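Novice: From the sequence below, what's the structure:
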Amino acid sequence: MEGVWQVPLRADHRARLAESLRNLLAASPGCNKRQLLTSLRAVGWTELTTTDVNSVLYEHCDTFEKDDSTPPRWMLKSSVRSSSGVICATPAASRHPDLYAGPPPRPWQEEALEAWQTAGRRGVVEAVTGTGKTAVGVLAAADALARGLRVVVVVPGRDLLDQWYLTLLSDLPRSRTGRLGDGHHESLADFEVLVATVQSACRLHLLPARNEGLLIADEVHHYGAEVYSRALQKDFSERLGLTATYERTDDGITRHLRPYFAPNSSPGNGEAEIVAGCDYERGLAEGILSRFRVALVGVDFRAGERESYQELDETARKARADLINRFGCQPEPYGEFMREVNVLSEGGFDDSRATRCARRYLNAFSKRRALLADCSRKLDALEVLGPLFVQTNRALVFTETVESAERAAARVRRTGVAAHPYTSRLDREERKTRLHEFRRGKLQVLAAPRVLDEGVDVPEADLGVILAASHSRRQMVQRMGRIIRPSADGRPATFVVLYVRGTSEDPDTGAHEAFLEQIVGVADEVVKFPEGVMGPELWEWYGGG
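Specialist: Numbers count the residues shown, from 1 in each chain. Now for the predicted structure:
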């Protein structure tokens, strides 16, 4: 078990570190955080982490600037210095219309809005969950309304419909805001701002004739799907997409999103439509996100489960090979492969063997995923994690299915902790009640399948347990964002990923590679517990943080 818990830098150390960084970049501009850390350690800063370096670089944005590399390369810009020689920040003057009555924007939100405006008011803002991407949309709406445009916010579901509506009422109180969808039938004929579900936006023409408009597409990755792309209506001259992770497993970004959000100067020529955003590094550096640790905890199948998994895995592998080699399914991207398999499974083709093969693959794939998600020793591990649930303020357990969420909540309750499932089987009022009880502390743990991944305003939690791992970086980033929001008592967040060893969700076989690459450089620790290590070792590690 590797990893060292780092104590935050004191204020006097931060000032000294800023000066050291200034000297290093004056001599060697264009260094990334890892190169800077190596140089700093060589001159005596032996206890630093890249998180510390990033924090000071972003804190002194009047002195340091970065390029668009990954990770960014840093250099000096014109410094603002006091007579004592201490680097001072210069606050930016407010540049927002009088219509805007929301909280003061964060620096990254100001920069994202300005970058979007510079790109002709077209583009996508990608910002990690919890950093405040909605505020960029509200600022863009205020900007459009001040210039006489109408505004539509398209959302993927009714929970976000209500959240956006309430936010706009609060932050743009002088504007008339309406809703379309989920029983509401308002329009831009009577309102200046309209929040619409994507289903309604696909069916109805939204912008009245002889009006200019801004379309804000929240969770924009959804609208790369063929049917939802119809919501991206061409008569909106200004277009803003918002997402935590701008990716899809099919070609929907290339086919639908990139042409729609490309800057006016280059429609369809391949120019990047991502204009700005906020990643983990910046969110941590500016105190928007909580510092966090990740524990990777492996369990084993029981004998019968292992045999079943191997049989299902072999069936799925053979069927996939046949679908690609014999029946012409496109192997990549994976989303496109699954789309073609689903079409084949519906039948109606001359060659019935292709339909049978597609159905065989989907059946084995579904059962294999359910077996991993409901592995009995993962549920046993939840009881072992009992001391963690007792110590935490609030915790979320992420599962694959409704049934596994119900079983997980029951296991956690055995440890004496108040836990309930949060699933689609609850009606709307029941779900609101569960979230209210969770916020008040009457419930300490919520166990949920994908219903909590996005689009729900979840109260802060500082412990997250992944019972069903996801191969989607987007889903893992969404789940992380539920946990690493700063808590009232300042405690760091902890993320525990349970996986079955030797399967498709084992990090040793490449699982979570894209996600782990993104967080390794910013997490205080990413620890993989050795085989057989559980219980006291994990409790001690958690308590030490």
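Novice: Kindly report the domain assignment for this protein.
Specialist: 11-76, 107-284, 290-301+375-544, 303-373 (automatic domain parsing).
Novice: now the longest one, how far from the centre of its chain.
Specialist: Translated: domain 290-301+375-544. Chain-centre distance of domain 290-301+375-544: 15 Å, with Cα atoms, centre = their mean, to the nearest Å.
Novice: again, but for the second one
Specialist: Per Cα atoms, centre = their mean, the displacement of domain 107-284 from the mean C-alpha position of its chain is 17 Å.
Novice: circling back to that earlier point, mean pLDDT added to the domains of the chain, as JSON lines?
Specialist: Formatted as JSON lines, the domains of the chain follow (pLDDT from 0 to 100):
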{"stretch": "domain 11-76", "mean pLDDT": "79"}
{"stretch": "domain 107-284", "mean pLDDT": "90"}
{"stretch": "domain 290-301+375-544", "mean pLDDT": "82"}
{"stretch": "domain 303-373", "mean pLDDT": "89"}
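Novice: Distance to residue 100 and mean neighbour count added to these, as a markdown table?
Specialist: Every residue, glycine included, has its C-beta placed from N, CA and C. Shown next, in a markdown table, are the domains of the chain (distance: least, Cβ to Cβ, whole Å; neighbours: other Cβ atoms under 10 Å):
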| stretch | distance to residue 100 | mean neighbour count |
| --- | --- | --- |
| domain 11-76 | 22 | 16 |
| domain 107-284 | 4 | 20 |
| domain 290-301+375-544 | 21 | 19 |
| domain 303-373 | 38 | 16 |
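Novice: So what pairs up with the closest residue to residue 408 other than its chain neighbours in the strands?
Specialist: Distance criterion Cβ to Cβ, 6 or more residues apart in numbering; nearest residue to residue 408, sequence neighbours excluded, is residue 447 at 4.1 Å. In this entry, residue 447 is beta-bridged to residue 397, residue 421, by DSSP bridges.
Novice: when you give positions from now on, start the count at 3
Specialist: Renumbered: residue one is now 3, and that last one reads residue 449.
Novice: show me what contacts residue 449?
Specialist: Contacts for residue 449 (Cβ atoms under 8 Å, 6 or more residues apart in numbering) come out as 398-399, 401, 407-408, 410-411, 414, 421-424, 469.
Novice: and with 10 Å instead?
Specialist: When contacts are counted by Cβ atoms under 10 Å, 6 or more residues apart in numbering, residue 449 touches 384, 397-401, 406-414, 421-425, 467, 469.
Novice: Sticking with residue 496, tell me its helix or strand.
Specialist: strand 495-502 (DSSP states H and E).
Novice: Can you list the strands that that strand pairs with?
Specialist: Here, using DSSP bridges, strand 495-502 pairs with strand 294-301 (parallel), strand 465-468 (parallel).
Novice: mind checking which of those strands is nearest residue 536?
Specialist: strand 294-301 (7.0 Å; Cβ to Cβ).
Novice: Just the helices from the stretch 353-502 of the chain, written as ranges.
Specialist: Counting by DSSP state H, counting those that start in this stretch, the stretch 353-502 of the chain has helices at residues 354-375, 378-386, 388-393, 404-415, 430-442, 475-485.
Novice: so which of those helices comes closest to residue 179?
Specialist: helix 430-442 (21.2 Å).
Novice: which strands and helices sit next to the closest one?
Specialist: Where contact means 3 or more Cβ pairs under 10 Å, 6 or more residues apart in numbering; DSSP states H and E, helix 430-442 is packed against helix 160-173, strand 421-423, strand 447-450.
Novice: can you put those in TSV and add distance to residue 104?
Specialist: Converted to TSV, the helices and strands packed on helix 430-442 look like this (distance: least, Cβ to Cβ, whole Å):
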stretch	distance to residue 104
helix 160-173	3
strand 421-423	33
strand 447-450	28
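Novice: Which among the ones you listed is found nearest to residue 333?
Specialist: Across these, closest to residue 333 is strand 447-450 (Cβ to Cβ), at 32.5 Å.
Novice: the inter-axis angle of the strand or helix carrying residue 126 versus helix 475-485?
Specialist: Taking DSSP H and E as the criterion, residue 126 maps to strand 124-129. Between strand 124-129 and helix 475-485, the angle comes out at 60 degrees (axes from the mean of the first three to the mean of the last three Cα atoms, to 10 degrees).
Novice: What strands line up against strand 124-129, and which way round?
Specialist: strand 240-245 (parallel), strand 276-280 (parallel).
Novice: what are the C-alpha coordinates of the next helix or strand after it, in CSV please?
Specialist: Using DSSP H and E, the helix or strand that directly follows strand 124-129 along the chain is helix 135-148. Taking Å, rounded to 0.1, in the frame of the first residue of the first chain, the C-alpha atoms of helix 135-148 are listed here in CSV:
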residue,chain,number,x,y,z
LYS,A,135,-20.6,25.2,-15.1
THR,A,136,-24.3,26.2,-14.7
ALA,A,137,-23.1,29.7,-13.7
VAL,A,138,-21.4,30.1,-17.1
GLY,A,139,-24.7,29.4,-18.7
VAL,A,140,-26.5,32.0,-16.5
LEU,A,141,-23.9,34.6,-17.3
ALA,A,142,-24.2,33.9,-21.0
ALA,A,143,-28.0,34.2,-20.7
ALA,A,144,-27.6,37.6,-19.0
ASP,A,145,-25.3,38.7,-21.8
ALA,A,146,-27.8,37.7,-24.5
LEU,A,147,-30.8,39.3,-22.8
ALA,A,148,-28.9,42.6,-22.4
